[in-house]
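# Okay, predicted coordinates and the sequence, questions at the end:
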Amino acid sequence: MKYQFYFLSLFSVFLLGFSSFNELNSVKAQSLSFNQEQCVQDMAKEELSADQAKTWCNYKQDCLNRSLKEGLPLDAAESVCNCAINEFRKLYSPQQFKNVTQQAETDGTVAEKLQEVGEACFEDILFEE
């Protein structure tokens, strides 16, 4: 329950993250040490091409930066972002995800569907403790 006060502001993290996940935030959060190359290597072990892995790693880095900027603790941010990526990977190929996130920029219905994934992940960690 200690993350409950972050709940409302985190919704904006997911919605904003979809429209710009390919554009990595140039401002690094102090406590975030994200290694893009390591992330790509780790995902490539799951039989993804480097380009496919990079799509998910770009989103993860952006998600982490935005979550930390919103005040979420690093461990909670990692849990939420990992959950969201896992759920998106069940639903979309990397190219489909890119297409859907582009659609979400102009289509509120698509944006809401994407946001629901993030909200569900956040609720999972919220009620986990």
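That came through, no problem. Keep in mind that what you see is a predicted model, and the values were worked out from it rather than measured. Residues are numbered from 1 along each chain as shown.
# I'd assumed residue 63 was in contact with residue 78.
No - at 9.4 Å, residue 78 does not count as touching residue 63 under the criterion of CB atoms under 8 Å. Yep, even glycine has a C-beta here, placed from its N, CA and C like the rest.
# ok, those two, which is more surrounded?
The neighbour comparison of residue 78 against residue 63 (other CB atoms under 10 Å) goes to residue 63, with 24 against 19.
# how near is that one to residue 100?
15 Å (CB to CB, to the nearest Å).
# Please apply the same query to residue 36.
22 Å.
# Looking at the two, which has the bigger crowd around it?
More crowded of residue 36 and residue 100, by other CB under 10 Å: residue 100, with 18 against 14.
# and the more buried one, what helix or strand is that in?
According to DSSP states H and E, residue 100 maps onto helix 94-104.
# What segments of the chain are helices?
Assigned by DSSP state H, the chain shows helices spanning 7-19, 36-44, 50-69, 74-91, 94-104, 108-126.
# Identify each buried residue in the shortest one, please.
Residues 39, 40, 43 are the ones in helix 36-44 that count as buried (16 or more other CB atoms under 10 Å).
# quick one: residue 94 and residue 57 touch, right?
No - Residue 94 is beyond contact range of residue 57, at 10.3 Å (criterion: CB under 8 Å).
# ok, the two, which is more surrounded?
residue 57 (24 against 20).
# coming back round to it: can you put the helices of the chain in a markdown table and add mean pLDDT?
Shown next, in a markdown table, are the helices of the chain (pLDDT from 0 to 100):
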| stretch | mean pLDDT |
| --- | --- |
| helix 7-19 | 48 |
| helix 36-44 | 92 |
| helix 50-69 | 92 |
| helix 74-91 | 94 |
| helix 94-104 | 94 |
| helix 108-126 | 89 |
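# which of those helices sits most buried?
Scoring the helices of the chain by mean neighbour count under mean count of other CB atoms under 10 Å gives helix 50-69 as the most buried, with a mean of 21.
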